[in-house]
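Undergrad: Quick one, what's the 3D model for this:
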Amino acid sequence: MASSAKGWARNFPSIASRVYFFLIILQIPLFRVPCRSGMCTTPLQVTSSQLIASEVFPVSIVKGLLYPGAVIDGLIKNMTVPSWNNLLNVYNLTDVKEASPITDLQRLEVLAGSYFAVAGALVGILKPGRMSMFGTLLIIWGLVKEGILGKPVNTDPTTAIFVYPTMLIALVCAFFSVKYDVKKVIRSGSAGPIAKPLQSSSKSKLK
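TA: Okay, here's the model as predicted:
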């Protein structure tokens, strides 16, 4: 029983990382915020609009990231699979290069957090780490700053930000995807008191 509990605890970061991966890649809505392509509801949409506009990555790579979520969304809404060639139209990314970058620059925390969230989701499948948690916290801070502090000021109710309950699931998964080595913590804690007597004894020998 104890060994099974230890095995579950050891595998928990990997399970949390996989859940977080599917939340990001399948584009489960986490928030609603203005972006270059209009209104974005997932970190992947925020990241994709920026990548298409800046031409950092080939369009085919961005479309490859967007396609799984587009398929799921199409099947749920009208039982259709979107065309690969029409994918940029589905996400309103065809004219994103001409769009003003001010929208993204006003929400740098959400933009940077989305980058970290997407990268953390992809890397976390191979090796769970802190990138997902850092990105999620950055996104939450950006949304809180705009929602509570009113920065930047938004007078249009149709473009008001909104946080979905799924953001809490993403935060929990991001937090538990971090691997903590309990043995190292215990060893480092117990090593402190042992080292002090050794230092004092070496000083007495020198006297």
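
Undergrad: got the phi/psi numbers for the residue nearest the centre of the chain?
TA: The structure's the chain has its C-alpha centroid closest to residue 117; by Cα atoms, centre = their mean the separation is 2.0 Å. Recorded main-chain torsions at residue 117 are phi -60, psi -40, according to degrees, to the nearest 10.

Undergrad: what about this protein, any weak spots by pLDDT?
TA: In the prediction, the chain carries residues with pLDDT under 70 at positions 1-10, 150-158, 180-207.

Undergrad: Run through the helices of it in chain order.
TA: In the chain, helices defined by DSSP state H lie at 2-25, 43-54, 59-78, 87-90, 102-105, 108-126, 131-147, 166-176, 182-206, listed in chain order.

Undergrad: Now tabulate these in JSON lines and tack on distance to residue 34.
TA: All C-beta atoms are positioned from the backbone trio N, CA, C, and that covers glycine. What follows is the helices of the chain, written out as JSON lines (distance: least, Cβ to Cβ, whole Å):
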{"stretch": "helix 2-25", "distance to residue 34": "20"}
{"stretch": "helix 43-54", "distance to residue 34": "10"}
{"stretch": "helix 59-78", "distance to residue 34": "19"}
{"stretch": "helix 87-90", "distance to residue 34": "19"}
{"stretch": "helix 102-105", "distance to residue 34": "5"}
{"stretch": "helix 108-126", "distance to residue 34": "10"}
{"stretch": "helix 131-147", "distance to residue 34": "10"}
{"stretch": "helix 166-176", "distance to residue 34": "17"}
{"stretch": "helix 182-206", "distance to residue 34": "43"}
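
Undergrad: Whichever strand in the chain runs longest: how far from the chain's middle?
TA: Longest strand of the chain, by residue count under DSSP state E: strand 31-35. Taking Cα atoms, centre = their mean, to the nearest Å, the mean C-alpha location of strand 31-35 is offset from the chain mean by 15 Å.

Undergrad: repeat for stretch 30-50
TA: Taking mean C-alpha positions (Cα atoms, centre = their mean), stretch 30-50 and its chain are 13 Å apart.

Undergrad: How about stretch 42-56?
TA: The chain centroid and the centroid of stretch 42-56 are separated by 14 Å under Cα atoms, centre = their mean.

Undergrad: same check, this time on stretch 107-121
TA: Between the mean C-alpha point of stretch 107-121 and the mean C-alpha point of its chain there is a distance of 6 Å (Cα atoms, centre = their mean).

Undergrad: any idea which of the helices of the chain is most buried?
TA: Greatest average neighbour count among the helices of the chain goes to helix 43-54 (a mean of 23), per mean count of other Cβ atoms under 10 Å.

Undergrad: Now do that one against helix 166-176: the angle between them, please.
TA: For helix 43-54 against helix 166-176, the angle between stretch directions is 90 degrees (axes from the mean of the first three to the mean of the last three Cα atoms, to 10 degrees).

Undergrad: So which elements touch helix 43-54?
TA: Helices and strands touching helix 43-54, as assessed by 3 or more Cβ pairs under 8 Å, 6 or more residues apart in numbering; DSSP states H and E, comprise helix 2-25, strand 31-35, helix 59-78, helix 102-105, helix 108-126.

Undergrad: run the last query once more with 7 Å
TA: With contacts defined as 3 or more Cβ pairs under 7 Å, 6 or more residues apart in numbering; DSSP states H and E, helix 43-54 has these neighbours: strand 31-35, helix 59-78, helix 108-126.
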